[in-house]
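Visitor: any chance you could fold what I've pasted below:
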Amino acid sequence: MADDDIIKVDDINYAIYKIGEWKNDYEINQIGLSREIPVTENTVFHVKFSMDEIRNTKFDMSDKQVNGFVAIAEQLNPKIQEMDLEEVIELEEMEYQNILKELDDLELLGSDETVPIDGEDYLIYKLEKEHHLTKSFPANEFTRQFYISELKRIKEALG
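Guide: Take a look at the predicted model:
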């Protein structure tokens with residue numbers, strides 16, 4: 001295999017996941033709705049950073065200031081729209097804490113390991129900085145196909 005067919009697990013230009021299930025059920029936090037489970041320290045860091053960015057974005061709703069996860073859930077999730085806003089805020093905080101605990105408890109690949117870019121054991125995303133945002137793109141066909149089906153599954157779950 002050529003060097004460009006292999007990714008070092010500690011390469012900050014990639015996010016690497018496995019397909020799995022979270023231990024808890026989630027209604028609000030889109031990270032917890034996904035079946036993508038981080039397998040590297042850098043990916044865990046990226047997920048936590050992304051969650052913090054969304055949570056630090058504030059919106060005014062019903063005379064309250066809410067974070068981005070609450071605002072997104074109120075817009076997209078019919079189950080959440082039926083709940084009292086205070087309950088949604090409390091549920092989001094509980095989900096956030098549960099996800100942090102799950103992320104901290106994950107068994108991760110060693111930082112000195114490598115993975116093949118075209119394998120089917122891991123979902124691999126190429127990370128690219130665009131202005132102040134980090135965008136992720138499927139790095140192989142296996143990840144691209146999973147990504148498409150996962151978006152469809154999440155959309156149907158919210159719909």
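Visitor: any stretches of this protein with poor pLDDT?
Guide: Across the chain, the ranges flagged by pLDDT under 70 are 1-4, 158-159.
Visitor: pick out the residue closest to the middle of this structure.
Guide: residue 31 (3.7 Å; Cα atoms, centre = their mean).
Visitor: contact partners for it?
Guide: 47, 50, 51, 99 (Cβ atoms under 8 Å, 6 or more residues apart in numbering). For the C-beta atoms, the positions are set from N, CA and C on the backbone; glycine is no exception.
Visitor: what separation do you get for it and residue 40?
Guide: 16 Å (Cβ to Cβ, to the nearest Å).
Visitor: now, the most widely separated pair of the contacts of residue 31?
Guide: 50 and 99 (11.2 Å; Cβ to Cβ).
Visitor: ok, these two, which is more surrounded?
Guide: residue 99 (20 against 15; other Cβ atoms under 10 Å).
Visitor: for the helix or strand hosting the more buried one, packing partners?
Guide: Element membership of residue 99 [criterion: DSSP states H and E] is helix 85-105. For helix 85-105, the packing partners by 3 or more Cβ pairs under 8 Å, 6 or more residues apart in numbering; DSSP states H and E come out as helix 30-33, helix 41-56, strand 64-67, helix 68-76.
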